[in-house]
Structures are given as structure tokens and as C-alpha cells.
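Chemist: Below is the sequence, then the predicted model.
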Amino acid sequence: MLKYEFVLGGTGNTNSIFTAEEKDIAYIIVTTIEQMYLQLGIKFPNEKIQIRKCPADSAAPMFCLAKNNPPAEVNFINIAIDSLDYWCQAIFQLGHEMTHAAVYYNSPLNTKSTPWIEETISESMALFFLNLFADAWNTIEKFKNTPQYSTNVRTYLHNQLSKSGSGKLSMCRGYNELKQIDTDSQTYREQRKNEMHKLYKLLNSENIKGLLLYRWYLQSDPLLLNTAKYREAFPHNTAVSYLCDLQDVAYRNPDGNE
């Protein structure tokens, strides 16, 4: 299991620790997420990872590799939040970034993210974890004294699901359009929002692992899944099937011609 260190980021002083209260909240969230993934067969290494709390307006939430971010010595997750007392946002951000970490630690060495796929998966899992925490709120010792907050988490989830996207991912045709959506995945999330919501509604304990293993089924061109191989590996996985359907409908040929 991961060993967590909680530090301030984006302030020039990464040796400062969280307040004790915020550290407790962050620890409960990340270990609950990790434990659920472990139960699904998603493994994490026995190594240190930092959770860096950054001011909300100073950085984007992100899972970062130390090797790509010198002088960092360990992998780290940035969360962009002024206070972890806003548990909904903390769960939402950490659920997303812990999913990126889970994908990385369970993928072939030296593979990179394919954003149109991985951002869609991570965003849907952030919603999944909001629902999980709302369901389990009264069983978490730290949260038992605030049972009403589970309703707030459900409201936050409902508000996220009420936001409509453009449907551009479903409507895209051809390689070049898919590549543009991939390039824009972190900037224009609304292009994939409707599809992400549909993926979220398909999630269950039986199909999450297959999604997180998607990098094993990328083609030599990492924009594209080998959908036939991916479907064959997970023949009854409706979430994997939906992801494959999105590509099969969008993609025509690698030259971008109709």
C-alpha cells in the first residue's frame, strides 16, 4: 500500500504539513479509495506518495510522476483547494487523481495517458467515489458526528450530474476529430461530459478494473484502443464495451478520411 505524506504545495514551502484536521480528512479519503481499489484487484506499490495541497487558484489538480518533475523525489498528487473542510470537493478531486495513480501503477511500464480515455474514466470515478462516500458516511468514524453531510455529498453529486456537455465525443467522426478531442481533454471537458456521465452510470464493482487496465489494450498509436482485443478480454464488461463503442463510432481510418 502507498505511504502518504501530506504537504503544502504552490506556496514555495513544500515542507509545511497540513493542519492535523485536514491531514485526517485527506488520509481517510485516500485510504478509503485505495482500499476499494485493492478489493477490486487494483494494486498499489509499497512506496511513498505526497498529497500536496495547493491554493485553489494556483494549480490544477494533477497526479504527477517524480521523474517528470524534478527535483521531486516521489510521485505526488496536487489538489487545488483552500480548505479540506469542503469534503465534497476534496473527495471529488482525490477520487479523480487517485484513479490516475491507479491506472499508472497497473499499466505496462513507460506507457502514457491517452487523455480522451483516461480523463473520461477518472472523471466518472470521481463521481463514483462521491456516491460511495455518501453511502458509507455513517460507517466512517471521523464522519459519524456529521451525518447530515452525506446529504451534502449527494447534492454535490447531483449538481455535477446536472451539468450538460456538448456531446462532441459521441458526434466526432474520423481520426483527426478524435485526436483534437484528445488534445483538448483537460481544457474542454464539456466535449466529453455527457459520455462521462453515461460511463459513470455503468460503473459497478464488476467492471471498474477492466476500465483501469485500458493501457494494456492500446494500439501502437496510443490514441486508439485495440477494441477487438479489449472486448475479448472483458466480454461481459458493459463499461469497457461503451468505451469501445465510442471509438468504433468515431474512428474511420488513421488518415482521418471518411
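Modeler: Everything's here; your move. Numbers count the residues shown, from 1 in each chain.
Chemist: okay, now the closest residue to Asn69 other than its chain neighbours: neighbour count?
Modeler: With C-beta to C-beta, 6 or more residues apart in numbering as the criterion, Asn69 has its nearest non-adjacent residue at 7.7 Å, and that residue is Phe76. For every residue, glycine as well, the C-beta is placed using N, CA and C. As a burial measure, Phe76 scores 23 neighbours (other C-beta atoms under 10 Å).
Chemist: dump the residue contacts of Phe76.
Modeler: By C-beta atoms under 8 Å, 6 or more residues apart in numbering, the contact list for Phe76 reads 9, 49-52, 63-64, 66, 69.
Chemist: Show me where the stretch 51-200 of the chain has its strands.
Modeler: Per DSSP state E, counting those that start in this stretch, the stretch 51-200 of the chain carries strands over the ranges 62-64, 76-80.
Chemist: pretty sure Ser205 contacts Leu40?
Modeler: Yes - the pair Ser205 and Leu40 passes the contact test of C-beta atoms under 8 Å, sitting 6.2 Å apart.
Chemist: out of the contacts of Phe76, which one sits closest to Pro108?
Modeler: Closest approach to Pro108 among the contacts of Phe76 (C-beta to C-beta): Phe63, at 17.2 Å.
Chemist: ok, what's across the strand from that closest one?
Modeler: Going by DSSP bridges, Phe63 is paired in beta bridges with Ile77.
Chemist: which stretches of the chain aren't confidently modelled?
Modeler: Applying pLDDT under 70 to the chain flags the ranges 10-18, 252-258.
Chemist: Take the strands of the stretch 51-200 of the chain and write them to TSV, including distance to Thr111.
Modeler: As requested, the strands of the stretch 51-200 of the chain are arranged in TSV below (distance: least, C-beta to C-beta, whole Å):
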stretch	distance to Thr111
strand 62-64	14
strand 76-80	19
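Chemist: Would you mind finding the most buried of those strands?
Modeler: strand 76-80 (a mean of 22; mean count of other C-beta atoms under 10 Å).
Chemist: Would you agree Ile42 is in contact with Lys209?
Modeler: Yes - the pair Ile42 / Lys209 is scored as a contact, 6.0 Å apart, by C-beta under 8 Å.
Chemist: Where is the longest helix in this protein?
Modeler: Using DSSP state H, we find that the single longest helix of the chain is helix 115-136.
Chemist: Please state the offset of that one from the chain centre?
Modeler: How far helix 115-136 lies from its chain's middle: 6 Å, per C-alpha atoms, centre = their mean, to the nearest Å.
Chemist: And the helices in the stretch 151-258 of the chain?
Modeler: 168-171, 175-183, 193-202, 208-212, 227-233, 238-250 (DSSP state H, counting those that start in this stretch).
Chemist: right, so of the ones you listed, which gets closest to Val153?
Modeler: Among the helices of the stretch 151-258 of the chain, the nearest to Val153 by C-beta to C-beta is helix 193-202 (15.0 Å).
Chemist: Also compute the angle for the closest one relative to helix 238-250, please.
Modeler: Calculated by axes from the mean of the first three to the mean of the last three C-alpha atoms, to 10 degrees, helix 193-202 forms an angle of 150 degrees with helix 238-250.
Chemist: the inter-axis angle of helix 193-202 versus helix 115-136?
Modeler: Per the same axes, to 10 degrees, the angle that helix 193-202 makes with helix 115-136 is 50 degrees.
Chemist: quick one: contacts for Leu65?
Modeler: Leu65 makes contact with 75, 104 under the criterion C-beta under 8 Å, 6+ apart.
Chemist: and the gap between it and Ile42?
Modeler: Going from Leu65 to Ile42 by C-beta to C-beta, to the nearest Å gives 18 Å.
Chemist: Kindly report the same for Lys193.
Modeler: Taking C-beta to C-beta as the measure, Lys193 falls 25 Å from Ile42.
Chemist: Repeat that for Asp57.
Modeler: In terms of C-beta to C-beta, Asp57 sits 32 Å off from Ile42.
Chemist: and the closest residue to Ala134 other than its chain neighbours, how many neighbours?
Modeler: Spatial nearest neighbour of Ala134, excluding adjacent residues (C-beta to C-beta, 6+ apart): Val153 at 4.2 Å. Using other C-beta under 10 Å, Val153 has 22 neighbouring residues.
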